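S.K.: model this:
(2 chains)
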Amino acid sequence: DAKTTQPNSMESNEEEPVHLPCNHSTISGTDYIHWYRQLPSQGPEYVIHGLTSNVNNRMASLAIAEDRKSSTLILHRATLRDAAVYYCILRTGNTPLVFGKGTRLSVIA
Amino acid sequence: DTGVSQDPRHKITKRGQNVTFRCDPISEHNRLYWYRQTLGQGPEFLTYFQNEAQLEKSRLLSDRFSAERPKGSFSTLEIQRTEQGDSAMYLCASSLDGQGGNEKLFFGSGTQLSVL
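M.R.: This is a model prediction of the structure:
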């Protein structure tokens, strides 16, 4: 399975932007980059995904490097409700999602 | 709310007992996944169904674990002769097939199993 590398934890101040990095140097041309997050005591929640181009939705933005070996999840204005574990996952075809340990984001009021 | 529903939310059992969990996916979703999560780790894939067919099982899935999705709707996960190492959060997710890498999974809130 293609793998990703994320920092174990990050901290942000409330109402400031957050940039969560993910390295995936072994990505193949058909791998999609998916981000999920998991709030305390809940199941994971889909955030965003992309293949080559940057993507925006109501929750976040995904910036993908030109060589696709890294990506960044951007939360434009962190709130306390964004405190969660964020998982960066490569999706290969129809294979099940493989989760790593993710990045634990703490948001400080 | 018509999200993924899991029952029960919590289960405490004694070692050696059998337990069964239920998952009701989002109604039009034909794919259903089971994951297990222990403290401090990401969810670990166990098995998945497309309609009623079980298409893949993790090599980590012991023979004591069995999953069914008899009519392609709800699914059950049974653990026989539970062991303390089975203590974990069991998560169910559903999705629409046919989207390849665009497939999005919708997770339930999980069943927390404690084996004493």
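S.K.: the strands in chain B, which residues?
M.R.: B:5-7, B:10-13, B:19-24, B:31-37, B:44-50, B:53-57, B:65-68, B:75-79, B:88-95, B:106-107, B:111-115 (DSSP state E).
S.K.: do you know which of those strands lies nearest chain A?
M.R.: strand B:106-107 (3.1 Å; CB to the nearest CB). Glycine gets a C-beta too; all of them are placed from N, C-alpha and C.
S.K.: which strands and helices sit next to the closest one?
M.R.: strand B:88-95 (3 or more CB pairs under 8 Å, 6 or more residues apart in numbering or on different chains; DSSP states H and E).
S.K.: List every C-alpha atom in the strand it packs on, with coordinates, as CSV.
M.R.: Extracted C-alpha coordinates of strand B:88-95, given in CSV (Å, rounded to 0.1, in the frame of the first residue of the first chain):
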residue,chain,number,x,y,z
ALA,B,88,-11.7,-1.9,20.7
MET,B,89,-14.1,0.4,18.9
TYR,B,90,-15.8,-1.4,15.9
LEU,B,91,-16.7,1.0,13.2
CYS,B,92,-19.0,0.6,10.2
ALA,B,93,-19.0,2.7,7.1
SER,B,94,-21.0,2.7,3.9
SER,B,95,-20.5,4.1,0.4
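S.K.: from the middle of its chain, how far away would that strand be?
M.R.: With CA atoms, centre = their mean, to the nearest Å as the basis, strand B:88-95 stands 4 Å off its chain's centre.
S.K.: outside of that strand, which residues touch it?
M.R.: Residues from elsewhere that reach strand B:88-95 (CB atoms under 8 Å, 6 or more residues apart in numbering or on different chains): A:43-44, B:4, B:6, B:21, B:23, B:25-26, B:29, B:31-38, B:43, B:75, B:77, B:103-108, B:110-113.
S.K.: mind listing what it pairs with, with the direction of each?
M.R.: strand B:31-37 (antiparallel), strand B:106-107 (antiparallel), strand B:111-115 (antiparallel) (DSSP bridges).
S.K.: Throw the ones you listed into JSON lines and include mean pLDDT, thanks.
M.R.: Shown next, in JSON lines, are those (pLDDT from 0 to 100):
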{"stretch": "strand B:31-37", "mean pLDDT": "97"}
{"stretch": "strand B:106-107", "mean pLDDT": "97"}
{"stretch": "strand B:111-115", "mean pLDDT": "98"}
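S.K.: most neighbours per residue, which of the ones you listed?
M.R.: strand B:31-37 (a mean of 24; mean count of other CB atoms under 10 Å in any protein chain shown).
S.K.: what's the angle between that one and strand B:75-79?
M.R.: 30 degrees (axes from the mean of the first three to the mean of the last three CA atoms, to 10 degrees).
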